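Asks: Pasting a predicted model and its sequence here:
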Amino acid sequence: MDELSPRRRCILEFIRERALVHGQPPSLAEIAEACGLASRGAARKQVLALADAGLIELTPGQARGIRPAGAKREAGALPVPILGRVAAGVPIGADAGLGDTLSLDARLFSLRPDYLLRVEGDSMIEDGILDGDLVGVHRSAEAREGQVVVARLDGELTIKRLSLREGRVRLLPRNRAYAPIEVGPGQDFAIEGLYCGLVRRG
């Protein structure tokens, strides 16, 4: 990686960050915008060079078929249960029962989803998570600063971006109409899992 130009290093780090933090590879348009390229075509040229160097892998025919080299792939159809609802807004209680099971292409996700939750609300629209989407959740009790998580707060679920700065735990919306949720020291709080992609059904 030391031999890469600053621009290609920026692109590679952006691809890795998007796959890890957002659970979804970036599009060429997003790469162009993030790394100061003039067009999708310019981004594609740089991405192909990184692929030729063995630093990333490309899946032909997919708009987001870009992933870091060596990223785990699951072959074939992946059955994923829908377990309830999650709030993109004020936290709501989750449904207890199994709603359905979808058979999905595992390549849609950078992390293997353990279950899906249906989003209610619009507080995460700037991250592309919309009301009615099914979000994939990878079970994990731990998360890093900036990751999108499904969290349980006082017995209710919400999906937000996690902030751990200045010794405070905050759940940040991605819609300016909503205020951050401050997690108080006496509140029942737990990370339920990491957001790892979504399914949008028409």
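Replies: Looks like it came in fine.

Asks: Where in this structure is the helix or strand with the lowest mean pLDDT?
Replies: In the chain, the helix or strand scored least confidently by mean pLDDT, DSSP states H and E is strand 100-105, which has a mean of 75.

Asks: Give me the sheet partners of it and which way each runs.
Replies: Strands adjacent to strand 100-105 in the sheet, as given by DSSP bridges, are strand 77-87 (antiparallel).

Asks: Quick check: buried residues in the partner strand?
Replies: Across strand 77-87, burial judged by 16 or more other C-beta atoms under 10 Å covers 78, 80, 82-87. Where you see a C-beta, it was placed from the backbone N, CA and C, and this is true even at glycine.

Asks: Just put those in JSON lines and tack on distance to I191 and pLDDT.
Replies: Output for these, formatted as JSON lines (distance: C-beta to C-beta, whole Å; pLDDT from 0 to 100):
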{"residue": "L78", "distance to I191": "23", "pLDDT": "78"}
{"residue": "V80", "distance to I191": "20", "pLDDT": "84"}
{"residue": "I82", "distance to I191": "20", "pLDDT": "84"}
{"residue": "L83", "distance to I191": "16", "pLDDT": "84"}
{"residue": "G84", "distance to I191": "17", "pLDDT": "83"}
{"residue": "R85", "distance to I191": "18", "pLDDT": "86"}
{"residue": "V86", "distance to I191": "13", "pLDDT": "88"}
{"residue": "A87", "distance to I191": "15", "pLDDT": "88"}
